[in-house]
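In: Okay, predicted coordinates and the sequence, questions at the end:
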Amino acid sequence: MSIKILLADDHAIVRDGLRKSLQQEEDMDIVGQAKDGLATIQLTRELSPDIVLMDISMPDVNGMDTCREITRDFPNVKVIGLSMHSAKRFVSEMFKAGACGYLPKNCEYDELTNAIRQVMSGKTYLSPAITDVVVDNFVRVSAEENNSVFFTLTKRERQVLQLMAEGKTTKQIGQSLHISPKTVEAHRLRVMEKLNINNVAQLTKYAIQEGLTSAEV
C-alpha cells in the first residue's frame, strides 16, 4: 500500500516540484497540497494522510502550531518538517510539537525519500546536517529557548502576532480567528507588553525571526 503524503508549503513551485518527484516513487502517493497552516489542518482532516511533509514558515498558522494541532487531533498522522531554518529553536519547537522528522530544504532527494520511509516505519528521522543542533539542545538548555515566542506568548497571542505581521487589519484578524476587533486589540496590547515592542515594524521583524511568518508573505 502506498504512503499517502500531504504536501504543505506556501510556495507553489516547491509543492509542484516535490509532487512530481515523489509521485515517481512506487510506494508513495501525493493525496493533496496545502499553501498555509489552516488548509493543512483542514486537508489532514479530510484526506487522512499517513505523512504531512511541511514547511514551518507558512501563512495564517505557522508550521509549529500546525504540527501541534495535527499531532494532537490526528495521532496516526506523522509530520516531517522540511525547512530552510536549521537554528536550534526551530528544530526543537517542531519536535516538541510532535514532529517525527526534520530536514533542511537543501537536503538530497534520496535523503528525503529515506526519511519518509523511516518515519512511516515508526522511526524518528533527523537529518545529519542538523544533528549537532539537537545534540547541543539536550546538552545545554539555553536562555534563548525560554525567550522564544512559544514560551513567551499564548497560542492566541501567536496567532494575532502572525496575522499582524502578515499585514492583516484588526477586522480581518477578528474574522479569521472568529473573535471581536476589541478582543484582537486586547491581544495586540498584551503581545506588545510581553515583548516590550511598541510598533508593528518591530513586531513583524520579531515574527520573522521566530519563524511565525516569512519576509516573503
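Out: Cool, got the structure.
In: rest of the way, CA atoms for contacts and neighbours
Out: OK.
In: Can you give me the buried ones in the longest helix along the chain?
Out: Looking across the chain with DSSP state H, the single longest helix is helix 181-195. For helix 181-195, a neighbour-count test (16 or more other C-alpha atoms under 10 Å) marks 181, 184, 185, 187, 188, 191, 192 as buried.
In: per-residue confidence at the nearest residue to the third one once chain neighbours are set aside?
Out: Yep, that's residue 185 we're talking about. Sequence neighbours aside, residue 170 is the residue nearest to residue 185 in space, at 7.2 Å (criterion: C-alpha to C-alpha, 6 or more residues apart in numbering). pLDDT for residue 170: 93.
In: give the contact list for the most centrally placed residue in the chain.
Out: When the chain is reduced to its mean C-alpha position, the closest residue under C-alpha atoms, centre = their mean turns out to be residue 63, at 1.1 Å. With contact set as C-alpha atoms under 8 Å, 6 or more residues apart in numbering, residue 63 has these partners: 37, 54, 55, 56, 57, 94, 212.
In: Chain neighbours aside, what residue packs nearest to the fifth one?
Out: When you say that, I think you mean residue 57. Nearest non-adjacent residue to residue 57 (C-alpha to C-alpha, 6+ apart): residue 213, at 5.2 Å.
In: thinking that neighbour is in contact with residue 207, fair?
Out: Yes. The criterion here is C-alpha atoms under 8 Å, and residue 213 meets it with residue 207 at 6.0 Å.
In: what is in contact with these two at once?
Out: Shared contacts of residue 213 and residue 207, counting by C-alpha under 8 Å, 6+ apart, come down to 162, 165.
In: Run a quick neighbour tally on residue 106.
Out: Residue 106 has 10 neighbouring residues, counting by other C-alpha atoms under 10 Å.
In: Surely it and residue 84 touch.
Out: Yes. In this structure, residue 106 is within contact of residue 84 by C-alpha under 8 Å, at 7.4 Å.
In: Compare residue 213 and residue 207 and say which is more crowded by neighbours.
Out: A direct count of neighbours by other C-alpha under 10 Å for residue 213 and residue 207 places residue 213 higher, at 26 against 22.
In: mind checking how far that one is from residue 55?
Out: Distance, residue 213 to residue 55, using C-alpha to C-alpha, to the nearest Å: 11 Å.
In: Show me how the record splits this protein into domains.
Out: 3-139, 147-209 (automatic domain parsing).
In: can you give me how far the last one is from the chain middle?
Out: With C-alpha atoms, centre = their mean, to the nearest Å as the basis, domain 147-209 stands 17 Å off its chain's centre.
In: Ok, the longest one next?
Out: Centroid separation between domain 3-139 and its chain, computed with C-alpha atoms, centre = their mean, is 8 Å.
In: which residues sit in contact with the closest residue to residue 125 other than its chain neighbours?
Out: Of all residues not flanking residue 125 in the chain, residue 101 sits nearest, at 4.4 Å (C-alpha to C-alpha, 6+ apart). Residues in contact with residue 101 (C-alpha under 8 Å, 6+ apart) are 79, 80, 81, 95, 115, 119, 124, 125, 126.
In: how about residue 101, phi and psi?
Out: Note on residue 101: backbone dihedrals following degrees, to the nearest 10 are phi -160, psi 160.
In: what about the residue nearest to residue 57, distance to residue 124?
Out: To residue 124, residue 213 is 26 Å away according to C-alpha to C-alpha.
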